[in-house]
Each structure stands twice: as C-alpha cells, then as structure tokens.
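# For reference, the sequence and a predicted model appear below.
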Amino acid sequence: MTQIISNLEVTQLVVDNPIGQDNPPLLFPHDGDDSQKLPTQHVLELSDFDVDWQNKLTDTQLDKFVDDGWMIIDGVFENKALLALQSESGFIEYRDAELTAGIRVSDIRGDRIRWITENFFAGYYYLESINALAALFNQSLFAGIRHSEAHYACYPVGFGYQWHSDNPAGRDERVISAVFYLNDDWSNNDGGALEIVDKHSIHHNVMPVANRLVIFDSDLQHQVQIAHRQRYSIATWMRRDGLVPFVKDNV
Ligand SMILES: O=C(O)CCC(=O)C(=O)O
Ligand SMILES: [Fe+2]
C-alpha cells in the first residue's frame, strides 16, 4: 500500500487517521457523541463550499469562455473549504492513473489519482459546488451538462501529462473540464504549468496555484508540463451523459 503524503502545509485541519481503503472519510457527521467525530467533521459543512458562482462569473468572463474556450477563476473558496481540500488531498491513498485503454503509460501521464465518491468528505462537497456551477452553465450557455465527475491527482516530481484532449477520439461526453489547484506558494520555478491551446490556436500557460479553478472546453488540446515539486489538483469533468443524475436543475 503506497501512500503519498502531502507536502502541503496543513496546520489547521489535521486528520489523525490517513484516509484510505480502510478509513474512508465520512461524509455525514456521527450523531451524538461529539468526541467521536474526526476533526474535520467538527468544523466542516456543505455550506462552507457554497460559492456564489453567478457573481464570480462576470458576463465578460462568460463571453471570453465562449469565444476563447477557456477561463480562470481565482479565489474560489473560503479558506476553510480550501484547507479541507488541501488536507484531504494529502491523506488519500493514490492509485496509478490509467489511459483509456486501461494501460498505465507513465511517460504519457505521470499523475496518481483517486476518484471522488460519496465516501469522500471535502471532495464530495467540492463536487456539489461544481454541480451548482454546471447548473449555471446549463442556464446561461445551454451546456446540457447532466453530471460531473472528479478525481484528486498528485503529480510526483519529474512528471507531467503529455498533449491530449479530454475526449478521446470518437467520444464527446465531456463538455467542460475544470481543474482546481491545491498547492500553496507555487512559483514559476516549480514548473507544472497547464498549457492550453485556445480556440484561436494561441498557447496559454496556467500556473497551478492554490484556490484557482481553470475551466476549458474539453475538446481543447492541453498538457501538464513537468512538475519540479509534488503537484496536487482536482481534475473535474462536466458531462452530457446521465450516468449519475447529479446536477440539480436550480442554481
Ligand atoms: O492538472 C492539470 O492542470 C490538467 C490535468 C489534465 O489535463 C487531466 O487530468 O486530464
Ligand atoms: Fe486533461
């Protein structure tokens, strides 16, 4: 059982037992005896992950997204929610990522991942918040999103992810990709930029700084440049198929 422990500085929210197969994070706090709760459960609620997406996303940004195919939102969550996600990302048992064919090819992608399920705590709240964003995209852009999926990802030092689009050839279920970054104090020397080619064939480098969400059309080509420091993120996809009827109609 390999464990990658975060190099993030987690000072305020500390989970005593590393989260893994034998110790899934609990979504719903226990009833009754407060002393039985994990520290995160004392302090975290779904409402901590509420984001006023409508106000965060100006019409100008939405227009840019439609024209160029990508945009950035910084300062997404309040500190408490960000710390919880950083903490959770550091205590997950990560697994090797696979390519669509089911084969791991580490010179194509070197990230280690863990899909977010109902058994997660902060990650599940994150996904709920993304669903509210998806509902907004449905309302304002007729995006036709029916559910979202996300995984935590950790790129060890010396790894990246080569050029790809998030819809493999012949597929189009992924409508919008969104990546949320978790590392504090990321500098240009740390590498690991997300390089996106926008709809006008212009290249952009996005640094993976904490509390930043980069959102892009899933058909755009992009790559993750080699990281020189352990790099943590949540890769997220809003999908048009209805595997899980997860997106709520109301914003
Ligand atoms: O972490 C990133 O910046 C992008 C990751 C990515 O492209 C993917 O997981 O498909
Ligand atoms: Fe990607």
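Ah, there it is. Numbering: from 1, shown residues only. Ligands and ions are numbered 1, 2, ... in the order given.
# is whatever residue of the stretch 51-200 of the chain ends up closest to ligand 1 in a bridge, and if so with what?
Of all residues in the stretch 51-200 of the chain, Leu194 sits closest to ligand 1, at 3.5 Å by CB to the nearest ligand atom. Every C-beta, even on glycine, is put in place using the N, C-alpha and C of the backbone. On the basis of DSSP bridges, Leu194 is bridged to Val206, Val224.
# isn't there a strand covering Asn131?
No: per DSSP: H, G, I helix; E, B strand; the rest coil, Asn131 lies outside any strand segment and is helix.
# before we move on, the earlier item: so the residue of the stretch 51-200 of the chain closest to ligand 1 sits against His203, correct?
No: the pair Leu194 / His203 is not scored as a contact, 10.9 Å apart, by CB atoms under 8 Å.
# neighbour-wise, which of these two wins?
More neighbours surround Leu194 than the other of Leu194 and His203, with 22 against 11 (other CB atoms under 10 Å).
# What's the separation between the more buried one and Ala235?
10 Å (CB to CB, to the nearest Å).
# try Ala193
In terms of CB to CB, Ala193 sits 15 Å off from Ala235.
# just the helices in the chain please.
39-43, 53-56, 59-68, 79-90, 122-141 (DSSP state H).
# can you redo those as TSV with distance to Arg229, mean pLDDT and mean neighbour count?
Formatted as TSV, the helices of the chain follow (distance: least, CB to CB, whole Å; pLDDT from 0 to 100; neighbours: other CB atoms under 10 Å):
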stretch	distance to Arg229	mean pLDDT	mean neighbour count
helix 39-43	25	50	15
helix 53-56	28	93	13
helix 59-68	29	94	13
helix 79-90	14	85	23
helix 122-141	22	93	21
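# any idea of the pLDDT on Asn167?
With respect to pLDDT, Asn167 scores 89.
# phi, psi of it?
phi -110, psi 110 (degrees, to the nearest 10).
# Neighbours of it, how many?
Neighbour count of Asn167, defined by other CB under 10 Å: 17.
# Spit out the contact partners of it.
173-174, 218-219 (CB atoms under 8 Å, 6 or more residues apart in numbering).
# what do you get if the cut-off is 7 Å, keeping everything else the same?
174, 218-219 (CB atoms under 7 Å, 6 or more residues apart in numbering).
# Going through those, which ones are buried?
174, 218 (16 or more other CB atoms under 10 Å).
# Cross the contacts of Asn167 against strands and list the overlap.
Arg174 (DSSP state E).
# how about the residues of the stretch 51-200 of the chain near ligand 1?
By CB under 6 Å from any ligand atom, the residues of the stretch 51-200 of the chain that approach ligand 1 are 161, 166, 179, 194.
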